[in-house]
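Asker: mind folding the following:
(2 chains)
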Amino acid sequence: QKEVEQNSGPLSVPEGAIASLNCTYSDRGSQSFFWYRQYSGKSPELIMFIYSNGDKEDGRFTAQLNKASQYVSLLIRDSQPSDSATYLCAVSRPGTASKLTFGTGTRLQVTL
Amino acid sequence: NAGVTQTPKFRILKIGQSMTLQCTQDMNHNYMYWYRQDPGMGLKLIYYSVGAGITDKGEVPNGYNVSRSTTEDFPLRLELAAPSQTSVYFCASSPPGTSGSYEQYFGPGTRLTVT
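Answerer: Residues are numbered from 1 along each chain as shown, chains lettered A, B, ... in the order given. Next comes the predicted model:
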């Protein structure tokens, strides 16, 4: 079992729709969860992080965390073609120098 | 602030050659990291450092070495390059966390090809 699992996609959504990206993790000691966006040929860019169960909203992005189910998701509302990228989920546990374990990413395509 | 900078952007090495990938950050972050990213494989941690003079191995350290003489710089050394080291290399930094973990900020990457 991979430590952090994501569906590789591509996930295709029409412009203006909600994109839902999912991530599961195996380490119950994980307490910090991050979503990065990576455009082709570019470096990962932090979108959001979440530490507590529930939802965290930032503009068009909402991160959702359910530690009991070991599940974290990212919702993108009003998806735009510029949102087309690979989204990386990363998790970390305390006392590990903020080391991140990454999933392999989900490729999102927003179609016109 | 320039953030995290990496040089070179691209490099082609012959098998058996050596090189150093440079990484510098100007955010006064204590924590720094080196990752490699292979197509479809996600990012794998090579080495990390929690401060000047302190380094430790990550998930895939074989064939690499690092040093951390200053807070700002964290170079990655490849000795005796092999085709398996063809990858994109990212350096990242993070502020220290008193509890929990903090976000990492990535440099633009170095695309390395070993032939």
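Asker: how about stretch A:25-41 as CSV, C-alpha atoms only?
Answerer: Extracted C-alpha coordinates of stretch A:25-41, given in CSV (Å, rounded to 0.1, in the frame of the first residue of the first chain):
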residue,chain,number,x,y,z
TYR,A,25,-2.9,8.3,3.4
SER,A,26,-1.8,5.3,5.4
ASP,A,27,0.1,6.8,8.3
ARG,A,28,-2.3,7.6,11.1
GLY,A,29,0.4,9.7,12.7
SER,A,30,0.1,12.3,9.9
GLN,A,31,-1.1,15.6,11.1
SER,A,32,-0.3,18.1,8.4
PHE,A,33,-1.7,18.0,4.9
PHE,A,34,-0.7,20.0,1.9
TRP,A,35,-2.0,20.5,-1.6
TYR,A,36,0.5,21.6,-4.3
ARG,A,37,-0.2,22.6,-7.9
GLN,A,38,2.4,21.7,-10.5
TYR,A,39,2.2,23.0,-14.1
SER,A,40,4.0,20.9,-16.7
GLY,A,41,7.7,21.6,-16.6
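Asker: quick one: average pLDDT of it?
Answerer: Model confidence over stretch A:25-41 averages 94 on the pLDDT scale.
Asker: what comes up buried for that stretch?
Answerer: For stretch A:25-41, a neighbour-count test (16 or more other CB atoms under 10 Å in any protein chain shown) marks A:25, A:30, A:31, A:32, A:33, A:34, A:35, A:36, A:37, A:38 as buried. For the C-beta atoms, the positions are set from N, CA and C on the backbone; glycine is no exception.
Asker: okay, and the beta partners of residue B:35?
Answerer: Note on residue B:35: beta-bridge partners by DSSP bridges are residue B:45, residue B:90.
Asker: what is the neighbour count of it?
Answerer: Residues contacting residue B:35 under the criterion other CB atoms under 10 Å in any protein chain shown number 27.
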